[in-house]
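Novice: after the sequence you'll find the predicted model.
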Amino acid sequence: MRFVSHSEEETQSIAAGIAAESSPGDVYALKGDLGAGKTVFSSGFARALGIDEPIRSPTFTIVQEYVPRCDRLPDLKRLYHLDVYRVPDSDSALAFGVDDFFDDESAITLIEWAERVADILPRGTVTVEIRHLDENSRGIVVSG
Ligand SMILES: Nc1ncnc2c1ncn2[C@@H]1O[C@H](COP(=O)(O)OP(=O)(O)O)[C@@H](O)[C@H]1O
Ligand SMILES: [Mg+2]
């Protein structure tokens, strides 16, 4: 699926549309440069799952956990929002325990800077690539 977003709000609503199709156990790999909109996408996704808290890149903590409130997905217990920007490589990510998040079948995982740990993403990971087109426009390609 390909989208063009012209604003932060439009990226959030595209993310909400993807979230509406999501299921517990899903992993979403968010790729794109600094400022592409990975966190904006994550906030729209989280809001669509009934999470009202502000969403920020967990750059220093690596993971932030939220509790969804979603009538459509009563078995969904957690949303994990990861940002592996500061994780040097896949081995470090495994040492941190990222696979515990990936394997949690009662959770959905969003992972920013997923290109850094591409070789350990689980089978079935959905890739979301966000590209700068101009100041307020982004190309968003969802695959997998
Ligand atoms: N169409 C758009 N979609 C998403 N963000 C946009 C868009 N246009 C401008 N922006 C701005 O780009 C920045 C994206 O930041 P952020 O989501 O934190 O990026 P990343 O997490 O990829 O580093 C925000 O300041 C946001 O307001
Ligand atoms: Mg971010």
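Specialist: Received, thanks. Nothing here was measured: the structure is a model prediction, and the numbers come from that model. Ligands and ions are numbered 1, 2, ... in the order given.
Novice: quick one: the residue nearest to the spatial centre of the chain from Asn136, how far?
Specialist: Central residue of the chain (Cα atoms, centre = their mean): Leu110, 2.7 Å from the mean position. Here Leu110 is placed at a distance of 23 Å from Asn136 (Cβ to Cβ, to the nearest Å). C-betas here are computed from N, CA, C, even on glycine.
Novice: would you map the strands across the chain?
Specialist: Taking DSSP state E as the criterion, the chain contains strands spanning 2-5, 27-31, 63-66, 78-83, 107-112, 126-134, 137-143.
Novice: residues contacting the residue nearest to Gly35 when sequence neighbours are not counted?
Specialist: Once flanking residues are discounted, Gly35 sits nearest to His132: 7.4 Å by Cβ to Cβ, 6 or more residues apart in numbering. By Cβ atoms under 8 Å, 6 or more residues apart in numbering, His132 lies in contact with Gly32, Asp33, Gly35, Ala36, Arg138.
Novice: circling back: most tightly packed of the strands of the chain?
Specialist: Highest mean neighbour count among the strands of the chain (mean count of other Cβ atoms under 10 Å): strand 107-112, with a mean of 26.
Novice: contact partners of that one?
Specialist: Residues contacting strand 107-112 (Cβ under 8 Å, 6+ apart): 22-30, 38-39, 42, 45-46, 49, 57, 68, 76-85, 98, 101-102, 117, 121.
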